[in-house]
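Asks: Sequence first, predicted model second:
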Amino acid sequence: MINSSLTRFALALSIGCAGGILFSAMHFPLPWLLGALCATLLASLLGAPIEVSKSIRNYIIIVIGIMLGGTFTPEVIDQVPNWIPTLTAAVIYVAVITTIGQVYCRKIAGMDAVTALFSGLPGGLSEMSIMGEEAGADIKKLTLTHACRVVSVLLFIPFVLTYWFDLEKISLTDDIQYWSLQETISLVVIAITGVFLAKICRIPAHRLTGPLILSAAVHLSGAITSEPPELASIIIQLILGSALGSRFFGISFKEVGRVILLAMGMTVLMLSVTFSSAYFLSLITGHSFEALILALSPGGFAEMALAALSLGVDPAFVTTHHAMRLFAIVFVTPIIIKVILRKGAS
């Protein structure tokens, strides 16, 4: 079983690398992430036996948390009070976008109330799948809808930011100091401790938020000031992209076709609200339109934060807003579920 799983992972990563190399040669934005995603997505739908196991995905999420924590500096913390209007708007945005998504999934996609609610939430695929399954949602429809939405957003927004706003992928220079062996060991300890404490405290998305919070605290203290190697970022993007594309394994073109079309329709609605909200907030707050697009975009927490990190669009700003949105979703959704179930019973 282990060998079979490792073989499927190796094949997925090989296909992902080929896609990354192709996208890099074509100078596409986020080439290693999007190239791996597109290549493995196509391979999955064609029936290639590929898989990135849940345990590997979890490790990658932990590393992303550590890397994102390093973007928090004293200068960033000083800016947090200025983010209060946009953080508040992010919570309101969740309510608006969820309402639109739920109505769409109920009226257009024909889903039941619980499945429609979780399909319309702009949360991460993993968190929404777990919460939705526990609440009794149709897990297959829910997973496919979220996967299509996350993939669509992840493919669309980097291209818009790159070719419309002339943003380019950030490359690390030789002047930057990379993690030393001692710092690497310290970060491993931080990761393990962060995951454990966040799980005990029941913090949402504990594998991402726990290491992120502790890593941010350590970097803010000045104990670690070095940057992660660029090779580490490339590997993370390759595995994450391959993991997203591999989720479609075992699903035929015919089976996924209708769900993709419906999910694309919902994504267009959500992105319309996202761009409109980002533009309006940029006018009244003075924050970057590009950063607000990434901060509000209905993609996964880890995926959009990694996109911000790779594109150099204020990763701390984007991460903080996605964290606020995730907390709002996780703590408010159970209340909504109780209301839905109570109405259903009556």
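Replies: Now that the structure is in, tell me what you want to look at.

Asks: use CA for all of it now, contacts and neighbours both
Replies: Fine.

Asks: in the protein, what spans have low per-residue confidence?
Replies: Across the chain, residues meeting the criterion (pLDDT under 70) sit at 1-3, 124-127, 129-131, 133-134, 166-179, 255, 330-331, 333-346.

Asks: Please repeat the previous calculation with a cut-off of 50.
Replies: 1-2, 170-174, 346 (pLDDT under 50).

Asks: Quick one: the strands in the stretch 151-300 of the chain, in order.
Replies: Assigned by DSSP state E, counting those that start in this stretch, the stretch 151-300 of the chain shows no strands.

Asks: Mind jotting down where the helices sit in it?
Replies: For the stretch 151-300 of the chain, helices defined by DSSP state H, counting those that start in this stretch occupy the ranges 181-200, 206-221, 230-246, 253-285, 289-296.

Asks: Tell me what angle the longest one forms with helix 289-296.
Replies: By that I understand helix 253-285. Put simply, helix 253-285 runs at 130 degrees to helix 289-296, going by axes from the mean of the first three to the mean of the last three Cα atoms, to 10 degrees.

Asks: Make JSON lines out of the helices of the stretch 151-300 of the chain and add distance to Ile108.
Replies: Below are the helices of the stretch 151-300 of the chain laid out as JSON lines (distance: least, Cα to Cα, whole Å):
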{"stretch": "helix 181-200", "distance to Ile108": "37"}
{"stretch": "helix 206-221", "distance to Ile108": "34"}
{"stretch": "helix 230-246", "distance to Ile108": "26"}
{"stretch": "helix 253-285", "distance to Ile108": "8"}
{"stretch": "helix 289-296", "distance to Ile108": "24"}
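
Asks: For Ala90, find the nearest of these.
Replies: helix 289-296 (6.6 Å; Cα to Cα).

Asks: who does the closest one touch, helix- and strand-wise?
Replies: Packed against helix 289-296, as judged by 3 or more Cα pairs under 8 Å, 6 or more residues apart in numbering; DSSP states H and E, are the following elements: helix 253-285, helix 301-311, helix 315-345.

Asks: again, only this time at 7 Å
Replies: helix 253-285, helix 315-345 (3 or more Cα pairs under 7 Å, 6 or more residues apart in numbering; DSSP states H and E).

Asks: Indicate which one of those is closest to Val195.
Replies: Closest among these, using Cα to Cα: helix 315-345, at 15.7 Å.

Asks: what sits against Arg149?
Replies: By Cα atoms under 7 Å, 6 or more residues apart in numbering, the contact list for Arg149 reads Ala263, Met264, Thr267.

Asks: before we move on, back to that, output the helices and strands packed on helix 289-296 as a markdown table; include the columns mean neighbour count and distance to Met26.
Replies: Shown next, in a markdown table, are these (neighbours: other Cα atoms under 10 Å; distance: least, Cα to Cα, whole Å):
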| stretch | mean neighbour count | distance to Met26 |
| --- | --- | --- |
| helix 253-285 | 17 | 25 |
| helix 315-345 | 17 | 25 |
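
Asks: who wins for proximity to Ile235 among those helices?
Replies: Of all the helices and strands packed on helix 289-296, helix 315-345 comes closest under Cα to Cα, at 18.7 Å.

Asks: returning to that earlier point: quick one: which of the helices of the stretch 151-300 of the chain is nearest Leu11?
Replies: Here helix 230-246 is closest among the helices of the stretch 151-300 of the chain (Cα to Cα), at 9.8 Å.

Asks: which parts of the closest one are buried?
Replies: Buried residues in helix 230-246, defined by neighbour count with 16 or more other Cα atoms under 10 Å: 233-246.

Asks: tell me what that helix is packed against?
Replies: Using 3+ Cα pairs under 7 Å, 6+ apart: helix 230-246 touches helix 2-25, helix 31-45.

Asks: Swap in 8 Å and give it another go.
Replies: Helix 230-246 packs on helix 2-25, helix 31-45, helix 54-69, going by 3+ Cα pairs under 8 Å, 6+ apart.

Asks: quick one: the last one to helix 230-246, angle?
Replies: Read it as helix 54-69. 140 degrees.

Asks: after helix 54-69, next one along is what?
Replies: Following helix 54-69 in sequence order, the next helix or strand is helix 74-79 (DSSP states H and E).

Asks: What is the distance between that following helix and the centre of its chain?
Replies: 24 Å (Cα atoms, centre = their mean, to the nearest Å).

Asks: After that helix, which helix or strand is next?
Replies: In N-to-C order, the element after helix 74-79 by DSSP H and E is helix 84-107.

Asks: I figured Leu309 hits Pro315, correct?
Replies: Yes - the criterion here is Cα atoms under 8 Å, and Leu309 meets it with Pro315 at 5.1 Å.

Asks: shared neighbours of the two, which are they?
Replies: Common neighbours of Leu309 and Pro315, using Cα atoms under 8 Å, 6 or more residues apart in numbering, are Leu68.
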